[in-house]
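S.K.: dropping the sequence and predicted coords here.
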Amino acid sequence: LEIKLALPTADPASLARQLARLPALARRKPVRKQVDNIYFDTPAQALRAQRMALRLRRVGGDDAPQWLQTFKTSDGGDSALSLRGEWEVPVPGPALVQAALQAAPPWQRLDPEGAVFAALQPCFATAFERTAWTVRRRDGSVIEVALDLGQITSGQRSVPICELELELLAGAPTALFDLARHIALHIAVLPLAASKAQRGHALRDGTLDTPLRARPQPLGGDVAWHQMVQPVLGEMFAQFTANLNALRHCDDPELVHQARVGWRRFRSALRLFKPVAPVRAAPPWPQMQPLLVLLGELRDLDVACTQTLPALQDAFVAGHAGRAERCHAMEQAFQQAALQQRQRLRQALQEPPVGAALLAITLWLDELARPEAWGGPGHLGQGRAPLGAPAHGAAACAMEKGAARQHPRRKPAPRAHSGQAPALQHRGLVPALARPHATLAAAGQRCAGGDWRITRSVAGRCAGPAAGSGPGHCGVSARLCRRPGGCALGIAAAG
């Protein structure tokens, strides 16, 4: 059983010192070693398709290297908390040994005739320095804490490794969870579901930062509630955290969109399951609220930059060459504001309270998969499905009624802007532009006969000085005026 955590820090070199100062690790001497791995698969990626990995690992220097062959299987989940099968044996040198794989039953089922082994070839490599602490607790539990800093390489492509792995070597899982919570209180972490092997394959294919979209779980009609709730919620939460991890180093606007989609799906499912499942015990997330606000504001800016403004540009310029330059200045102001917002978002991900809240939800989802989470007093009240009952009939009706009771009471929460460029906050321009972008685009097409004009303004400071404006002001303001034959949108931006 292990927990994998990404470390969203601006200073990876200081992580070992920070970890060594934690009370749980302070009196334990770390072991440092250089680790080099080569991962293998067939041209058709037979191992990847089964969520398996095969590697050769070299530990130590060139004078006395040690070689280990490791075969791993996955538990099939998409969580930072995983229980993987692992078979590791020493081998004499940098070559795979087929006989060593026969001790692993999953390999025997995968390759009974040896055809898969014959087709294996190197795919990608990892090289990192591992700093490891062994934590022995009074209750007899033993946990290895490993800090890995390095990179994954595939051809000319590479991606950094900066992560923490906590592996339970002996004892109860609660000891592992307690130590993970302790670390998350002091060091910024993000739950990381993708293994090094999965990231290596994605790097090789050029899909490493591809936004993760919803992947609804296939569920049969006779599945019990306690078997359904955790996979459904887990898939939604995985969509949220996977896109958050990619956002740390990728500017694709779709990552912001899909992260917000994953979070909304997760919250909606919590409300939907509330009448029939023990979801009232879900950890609160007030520490995440600033991050969620930043995500919403960044999404508004991304939509304005990529959809709304381009759709209105032709109608705005309308054959007037002088307007093109002014339109370009407005686009630059929005792009600069989006850039600044991304920086704020990444800084928010480096705050320990955010990672602690995400880790708490990860551990709670793991507990939800256990039958005891459904059997205690107060967990299953009147009208709720008993343990093992199928997810239909009276229980489904209870859930539908609960959802119907909640929706009429739902009101849009006020959006408290948290550091968005002041000029783009003016008169709520960003929400006005971004949310009803389809309506604005359609209206913009009807405005071709109307009058768009650019005026100067000193109300904003979002993108620095602009030609003809005062010091520190971008000097761009757009106003769509009401004219006969035009529209009446009245868009105004001081920015």
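M.R.: Structure received. Numbers count the residues shown, from 1 in each chain.
S.K.: please make it C-alpha for all contacts and neighbour counts, starting now.
M.R.: OK.
S.K.: residue 348 contacts residue 289, doesn't it?
M.R.: No - Residue 348 is not in contact with residue 289 according to CA atoms under 8 Å; the separation is 10.4 Å.
S.K.: the two: which has the busier surroundings?
M.R.: A direct count of neighbours by other CA atoms under 10 Å for residue 348 and residue 289 places residue 348 higher, at 20 against 11.
S.K.: list the contacts of the residue nearest to that one when sequence neighbours are not counted.
M.R.: Spatial nearest neighbour of residue 348, chain neighbours left out: residue 291 (6.1 Å); criterion: CA to CA, 6 or more residues apart in numbering. Residues near residue 291 by CA atoms under 8 Å, 6 or more residues apart in numbering: 345, 348-349, 354.
S.K.: pretty sure residue 291 sits in a helix.
M.R.: Yes - counting by DSSP: H, G, I helix; E, B strand; the rest coil, residue 291 is found in a helix.
S.K.: at which residues are the helices of the stretch 51-200 of the chain located?
M.R.: For the stretch 51-200 of the chain, applying DSSP state H, counting those that start in this stretch gives helices covering 98-101, 105-110, 115-118, 173-186, 196-205.
S.K.: just the pLDDT at the residue nearest to residue 348, thanks.
M.R.: Residue 291 carries a pLDDT value of 97.
S.K.: next one: residue 457
M.R.: Residue 457 carries a pLDDT value of 27.
S.K.: so residue 213 is in contact with residue 258, correct?
M.R.: Yes - with contact defined as CA under 8 Å, residue 213 reaches residue 258; the gap is 6.1 Å.
S.K.: need the overlap of contacts for those two.
M.R.: residue 239.
S.K.: quick one on the thing from earlier: want to throw the helices of the stretch 51-200 of the chain into JSON lines with distance to residue 327 and mean pLDDT?
M.R.: What follows is the helices of the stretch 51-200 of the chain, written out as JSON lines (distance: least, CA to CA, whole Å; pLDDT from 0 to 100):
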{"stretch": "helix 98-101", "distance to residue 327": "64", "mean pLDDT": "94"}
{"stretch": "helix 105-110", "distance to residue 327": "60", "mean pLDDT": "96"}
{"stretch": "helix 115-118", "distance to residue 327": "59", "mean pLDDT": "97"}
{"stretch": "helix 173-186", "distance to residue 327": "46", "mean pLDDT": "96"}
{"stretch": "helix 196-205", "distance to residue 327": "38", "mean pLDDT": "96"}
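S.K.: out of these, which gets nearest to residue 77?
M.R.: Residue 77 sits nearest to helix 196-205 of all these, at 12.9 Å, using CA to CA.
S.K.: packing partners for the helix ranked longest in the chain?
M.R.: Counting by DSSP state H, the longest helix found in the chain is helix 321-349. Using 3 or more CA pairs under 8 Å, 6 or more residues apart in numbering; DSSP states H and E, the elements in contact with helix 321-349 are helix 289-303, helix 309-317, strand 452-455.
S.K.: in it, what's buried?
M.R.: 323-324, 326-327, 329-342, 344-346, 348-349 (16 or more other CA atoms under 10 Å).
S.K.: same check on stretch 70-86?
M.R.: 70-74, 78-83.
S.K.: poorly predicted segments of this protein, please.
M.R.: 280, 375-495 (pLDDT under 70).
S.K.: find the residue closest to residue 110 in space, skipping its chain neighbours.
M.R.: Nearest to residue 110 is residue 116, by CA to CA, 6+ apart, at 7.9 Å.
S.K.: how much space separates the one you found from residue 165?
M.R.: 30 Å (CA to CA, to the nearest Å).
S.K.: where do the strands sit along this protein?
M.R.: For the chain, strands defined by DSSP state E occupy the ranges 2-6, 31-41, 52-59, 66-73, 81-82, 85-91, 121-136, 142-154, 157-170, 190-191, 452-455, 477-480, 492-494.
S.K.: so for residue 201, which of those sits nearest?
M.R.: Per CA to CA, nearest to residue 201 of the strands of the chain: strand 121-136, 7.5 Å.
S.K.: neighbouring contacts of the closest one?
M.R.: By CA under 8 Å, 6+ apart, the residues outside strand 121-136 that reach it are 16, 24-25, 28-43, 142-155, 161, 200-201, 204.
S.K.: run the last query once more with 7 Å
M.R.: By CA atoms under 7 Å, 6 or more residues apart in numbering, the surrounding residues in contact with strand 121-136 are 28-42, 142-154, 200.
S.K.: swap in stretch 65-84?
M.R.: Residues outside stretch 65-84 that contact it (CA under 7 Å, 6+ apart) are 1-5, 51-60, 85-94, 191-193, 235, 238.
S.K.: mind running it again at 8 Å?
M.R.: Contact with stretch 65-84 is made by 1-5, 51-60, 85-94, 96-97, 101, 106, 191-194, 234-235, 238, 362-363, 366, as judged by CA under 8 Å, 6+ apart.
S.K.: number of residues surrounding residue 90?
M.R.: With other CA under 10 Å as criterion, residue 90 counts 14.
S.K.: who touches it in this structure?
M.R.: By CA under 8 Å, 6+ apart, the neighbours of residue 90 are 66-69.
S.K.: need the residues you listed in JSON lines with neighbour count and distance to residue 249, can you?
M.R.: Below are these laid out as JSON lines (neighbours: other CA atoms under 10 Å; distance: CA to CA, whole Å):
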{"residue": "66", "neighbour count": "16", "distance to residue 249": "34"}
{"residue": "67", "neighbour count": "20", "distance to residue 249": "33"}
{"residue": "68", "neighbour count": "19", "distance to residue 249": "32"}
{"residue": "69", "neighbour count": "24", "distance to residue 249": "32"}
